[in-house]
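Novice: Based on what follows, work out the 3D shape:
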Amino acid sequence: IWGCLTCRMCHERCPSDVNFIQFIRDIRVDARQNGKEGVCTHGGALQSLMKIMTAPNLNQKRLGWIAPDLKTSQDSEYLYFVGCLPHFDLYFADLKANSLDIARSALKILNSMGIKPQVLPSERCCGHDLLWSGDVENFKVLAEHNAAEFKKSGAKKIVVSCPEGLSCFK
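Specialist: Numbering: from 1, shown residues only. Okay, the predicted model is just below:
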């Protein structure tokens, strides 16, 4: 159950239309509740980051990546959810992924459309990897925190540039 990448290939090929992805997610939750944990990808670094983000009084510096030429607003109806991008470059420096370029590009695209979105200094990771590894309790902490922050912002539309964030929010 821990070796499954949840890539959906089995779902695509199964002639019986078995939802293996949901089965794997459910059995991981059951395994965790019974004290069994598998080896996470990247040595569990992302899960550790996500668990750190569940701390109630976490003080983050999440907006330092926003360049002066990028326009944001305190009260836009649009909110850009950055998610874990500010942390990825630390974890994946050896890959030179430059994940913050994704966030900057997303803001540039929004700005070119005349949108100055809100970017929240207090948002947290979406918790996707926690949910998919069976850690539903910590996922709920992040989901509830983010939902409260979104509501406080007054934004009507949330823009994400991360497929995992989109999956969680759906």
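Novice: Show me where the protein dips below the pLDDT cut-off.
Specialist: 39-45 (pLDDT under 70).
Novice: what sits against residue 14?
Specialist: Each residue near residue 14 by CB atoms under 8 Å, 6 or more residues apart in numbering is listed here: residue 20. The way it works is simple: take the backbone N, C-alpha and C, and place the C-beta from them, glycine included.
Novice: before we move on, what about the one 4 residues further on?
Specialist: With contacts taken as CB under 8 Å, 6+ apart, residue 18 has the following neighbours: 10, 11.
Novice: right, and the secondary structure at it would be what?
Specialist: coil (DSSP: H, G, I helix; E, B strand; the rest coil).
Novice: What of the one 5 residues further on?
Specialist: Using three-state DSSP, the secondary structure recorded for residue 23 is helix.
Novice: and it, how many neighbours does it have?
Specialist: 14 (other CB atoms under 10 Å).
Novice: Next one: it from residue 94, what distance?
Specialist: 34 Å (CB to CB, to the nearest Å).
Novice: Can you point out the helix or strand that includes the residue nearest the centre of the chain?
Specialist: Centroid-nearest residue in the chain: residue 126, 3.4 Å away (criterion: CA atoms, centre = their mean). Using DSSP states H and E, residue 126 is not contained in any helix or strand.
Novice: Can you give the distance from the helix or strand where residue 10 lies to the centre of its chain?
Specialist: Using DSSP H and E, residue 10 falls within helix 9-13. Distance of helix 9-13 from the chain centroid (CA atoms, centre = their mean, to the nearest Å) equals 25 Å.
Novice: number of nearby residues for residue 11?
Specialist: Residues near residue 11, counting by other CB under 10 Å: 15.
Novice: before we move on, back to that, would you agree the residue nearest to the centre of the chain is in contact with residue 169?
Specialist: Yes - at 7.0 Å, residue 126 counts as touching residue 169 under the criterion of CB atoms under 8 Å.
Novice: Give the residues shared as contacts by these two.
Specialist: In contact with both residue 126 and residue 169: residue 81, using CB under 8 Å, 6+ apart.
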